[in-house]
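J.: show me how the following folds:
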Amino acid sequence: MMAQAAARRRGFTLIEILVVLALIGLLAGMAVLAAGASGSGVEREARRLAATLHLAANESRLQGRVLGLRFDSRGYSYHELLPVESRDGTALELAWIPVNPAGALAPRWWPPQLEFELRINGRSVAAGLPRPSSAPQIVLLPEGEFTPFSLKLQGTLEAGTVVEFGASGLLDIQRP
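T.: Below is the predicted model of the structure:
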């Protein structure tokens, strides 16, 4: 009887083996995610912009809102075209109002040492010039279309990544 009890204590139970395998799988998954996240900062910013633009386009379509994307030297922000009362209070006029600053479409700031060039219809647009009250450079319509544009992002230590967005929302990231 003592021999049987001692024999049972020497082996591992099925639960113990499953717990160890689950921990190994969890650590392996974390290692794979960490290795994948170490990509280029420029490409990461391009993908982040693409994800928020896709979300904004869906939001515009589903809710029938006219949204705009404004670039400046610090980053980019989303705005909505809304009727507001005129200064004298006699009429309604349309104005670009920033989208909720705490939501998924909150303003995003470029990382330090990131340079960019915005092109619309093949012409370079001075993205640092718009005043805060000016209209966004990119307009997203509820029909699912938006201003086609090309954005070249380049870090000081990295080669440039060009992100092109067509009017139908197609995204193309071109690596050097």
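J.: for the rest of this, base every contact and every neighbour count on C-alpha atoms.
T.: Noted.
J.: give me the packing partners of the stretch of helix or strand Ser150 belongs to, helices and strands only.
T.: Element membership for Ser150 (DSSP states H and E) is strand 149-155. Secondary-structure packing of strand 149-155 (3 or more Cα pairs under 8 Å, 6 or more residues apart in numbering; DSSP states H and E): helix 41-63, strand 114-120, strand 161-165.
J.: could these go into CSV alongside mean pLDDT, distance to Arg74 and mean neighbour count?
T.: Converted to CSV, the helices and strands packed on strand 149-155 look like this (pLDDT from 0 to 100; distance: least, Cα to Cα, whole Å; neighbours: other Cα atoms under 10 Å):
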stretch, mean pLDDT, distance to Arg74, mean neighbour count
helix 41-63, 84, 13, 17
strand 114-120, 83, 9, 18
strand 161-165, 68, 18, 21
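J.: okay if I get the ones you listed as JSON lines plus distance to Val19?
T.: Converted to JSON lines, the helices and strands packed on strand 149-155 look like this (distance: least, Cα to Cα, whole Å):
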{"stretch": "helix 41-63", "distance to Val19": "35"}
{"stretch": "strand 114-120", "distance to Val19": "45"}
{"stretch": "strand 161-165", "distance to Val19": "43"}
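J.: so Arg119 versus Gln113, what's the distance?
T.: Applying Cα to Cα, to the nearest Å, the value for Arg119 to Gln113 is 20 Å.
J.: brain fart, Arg74
T.: Arg74 sits at a distance of 11 Å from Gln113 (criterion: Cα to Cα).
J.: Leu62 now?
T.: Going from Leu62 to Gln113 by Cα to Cα gives 36 Å.
J.: same deal with Leu69?
T.: Per Cα to Cα, Leu69 is found 22 Å from Gln113.
J.: for the protein, which segments count as helices?
T.: Counting by DSSP state H, the chain has helices at residues 2-10, 14-36, 41-63.
J.: tell me which of Arg74 and Gln113 has more neighbours.
T.: Arg74 (16 against 10; other Cα atoms under 10 Å).
J.: need the pLDDT of that one.
T.: Each residue has a pLDDT score; the one for Arg74 is 85.
J.: numbering from 11 from now on, please.
T.: Let's use 11 as the start, then, which means that last one is Arg84.
J.: contacting residues for it?
T.: Neighbouring residues of Arg84 by Cα atoms under 8 Å, 6 or more residues apart in numbering: Trp119, Trp120.
J.: roughly how far apart are it and Pro122?
T.: With Cα to Cα as the criterion, Arg84 and Pro122 are 9 Å apart.
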